[in-house]
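*Asks:* Okay, predicted coordinates and the sequence, questions at the end:
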Amino acid sequence: MRAVLGSTREVYVSRLEAEHLYKVFGKRPDEAVRKLESGAGRDELRADGTTAAVIDASFTVEPGQIFVVMGLSGSGKSTLLRMLNGLLEPTAGRVLFDGEDLTTLSARDLRTVRSTKISMVFQHFALFPHRSVLENAAYGLEVQGVARAERERRAAEALELCGLAGWEKSWPDELSGGMQQRVGLARALATDADLLLMDESFSALDPLIRRDMQDQLLELQKRLKKTIVFITHDLNEAMRLGDRIAVMRDGRIVQLGTAEDILLRPANDYVASFIQDVDRTRVLTAAAVMTEPGPDVDDCDCETVTPETLVADVCAVSARVPHPVAVRNAAGKVVGVVPQSRLIGVVGDERDERGEPVPCAVPAQRPKEVAAHA
């Protein structure tokens with residue numbers, strides 16, 4: 001369930017399911033799908049002038065999840081996204097949402113679904129330069145035929161959620177890149193769509209602004225519980241945002257799981273090489289690295305962390321104490337401990353000038369003076 005924008009009412013949100021999706025460009029696409037199903041490779045099809053952009057993609061996105069699809073350029077992730085709302089018709093397979101097979105809908109019914117149930121946030125803002133910030137945020141509601149007073153009220157509320165209260169009468173060219181992207185997000189939220197599709201929505205932003213937009217999205221998600229499919233080529237962004245992550249290569253999903261699954265149990269050498277430069281301390285939590293607590297550990301009055309504490313912050317505590325760090329749940333019960341040996345295993349066996357193991361460094365602090373309107 002989720003709370004409807006501007007209301008305390010709760011509604012059920014259906015899951016999104018992709019079943020054996022294929023997208024083939026070129027000659028005889030149906031024949032190409034049959035070859036792929038029989039084990040043919042992508043290169044074999046390319047020799048015939050056919051490109052298999054997406055091959056046998058299947059997954060489920062539960063209500064309220066952020067599902068991230070990541071991969072390098074050309075991996076098929078944006079093509080996959082466009083099949084989810086019917087901008088591209090699958091060569092084979094089905095997309096199910098809200099109990100409907102979107103691949104069987106007429107063009108008219110599909111437009112209705114896209115205007116009421118699915119919103120898209122693009123990489124390059126796609127704002128109308130001749131419309132004010134408020135008018136841009138209200139555009140989706142205008143397409144739906146919502147009365148002006150109502151659509152302006154809902155657009156203003158969405159802008160406030162995105163940190164843009166007071167900017168309603170401004171023009172897009174008066175806003176920074178980060179603020180323009182917030183307008184695009186507000187436009188998607190104003191329609192109160194069940195599903196948000198975000199196609200590399202933050203990749204055009206500077207690193208600090210990008211981080212703030214990620215923070216904004218996570219904060220909004222706590223309140224609105226949207227179902228989100230987020231496309232990115234940035235592994236750190238995927239690890240930070242995704243409840244579940246699909247890693248794509250050459251049109252196929254090569255691993256599907258949580259950030260911890262992918263970091264700790266890569267499915268193959270490709271995924272292992274892909275994640276080798278990720279800062280694990282900023283992704284993994286104490287729950288992922290803790291071991292069973294010993295007897296009477298509940299009686300200790302030592303410093304503790306929660307299961308959700310990032311390993312980077314566990315490292316900071318571990319550097320101050322000579323014993324394993326205890327992990328307490330919300331009820332105050334110790335559910336595990338994190339010894340330094342576990343931290344060394346996660347971060348790497350770094351040694352100081354005397355040859356002593358360094359469990360991990362105290363995490364660097366982010367600048368506090370990030371622009372308020374970035």
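*Replies:* That came through fine.

*Asks:* Go through stretch 55-71 and flag the buried ones.
*Replies:* 55-57, 59, 61, 63-71 (16 or more other Cβ atoms under 10 Å). For the C-beta atoms, the positions are set from N, CA and C on the backbone; glycine is no exception.

*Asks:* Over to stretch 112-128?
*Replies:* Buried residues in stretch 112-128 (16+ other Cβ under 10 Å): 113, 114, 115, 117, 118, 119, 120, 121, 122, 123, 125, 127.

*Asks:* again, but for stretch 257-272
*Replies:* For stretch 257-272, by 16+ other Cβ under 10 Å, it's 257, 258, 259, 260, 262, 263, 266, 271.

*Asks:* For the first one, list the residues it contacts.
*Replies:* Pointing back at residue 257 there. Counting by Cβ atoms under 8 Å, 6 or more residues apart in numbering, residue 257 touches 244, 245, 265.

*Asks:* Could you work out the most separated pair of the buried residues of stretch 55-71?
*Replies:* By the measure Cβ to Cβ, 55 and 64 form the most distant pair in the buried residues of stretch 55-71, at 28.6 Å.

*Asks:* got a list of what the residue lying closest to residue 285 once chain neighbours are set aside touches?
*Replies:* Spatial nearest neighbour of residue 285, excluding adjacent residues (Cβ to Cβ, 6 or more residues apart in numbering): residue 308 at 5.5 Å. Residues in contact with residue 308 (Cβ under 8 Å, 6+ apart) are 285, 286, 287.

*Asks:* I figured residue 100 was touching residue 113, is that so?
*Replies:* Yes: using Cβ atoms under 8 Å, residue 100 is in contact with residue 113, at 7.4 Å.

*Asks:* Residue 311 is in contact with residue 289, isn't it?
*Replies:* Yes: the pair residue 311 / residue 289 is scored as a contact, 6.2 Å apart, by Cβ under 8 Å.

*Asks:* higher neighbour count, these two?
*Replies:* residue 311 (26 against 23; other Cβ atoms under 10 Å).

*Asks:* Let me know the distance separating the more buried one from residue 279.
*Replies:* 9 Å (Cβ to Cβ, to the nearest Å).

*Asks:* Residue 101 now?
*Replies:* Distance from residue 101 to residue 279, by Cβ to Cβ: 41 Å.

*Asks:* Likewise for residue 208?
*Replies:* Where residue 279 is concerned, residue 208 sits at a distance of 16 Å (Cβ to Cβ).

*Asks:* cool, residue 330 as well?
*Replies:* Counting by Cβ to Cβ - residue 330 and residue 279 are separated by 27 Å.

*Asks:* between those two, who's got more neighbours?
*Replies:* Neighbour comparison, residue 330 and residue 279: the larger count goes to residue 279, with 14 against 8 (by other Cβ under 10 Å).

*Asks:* Is residue 31 in a helix, a strand, or coil?
*Replies:* Three-state call for residue 31 (DSSP: H, G, I helix; E, B strand; the rest coil): helix.

*Asks:* now residue 173
*Replies:* helix.

*Asks:* go on, residue 193?
*Replies:* Put simply, residue 193 is coil when judged by three-state DSSP.

*Asks:* that older thread, pick out whichever of the buried residues of stretch 257-272 sits closest to residue 152.
*Replies:* residue 259 (39.3 Å).

*Asks:* got a winner among the contacts of residue 308 for most neighbours?
*Replies:* residue 286 (26 neighbours).

*Asks:* Before I go, just wanted to say thanks for your time.
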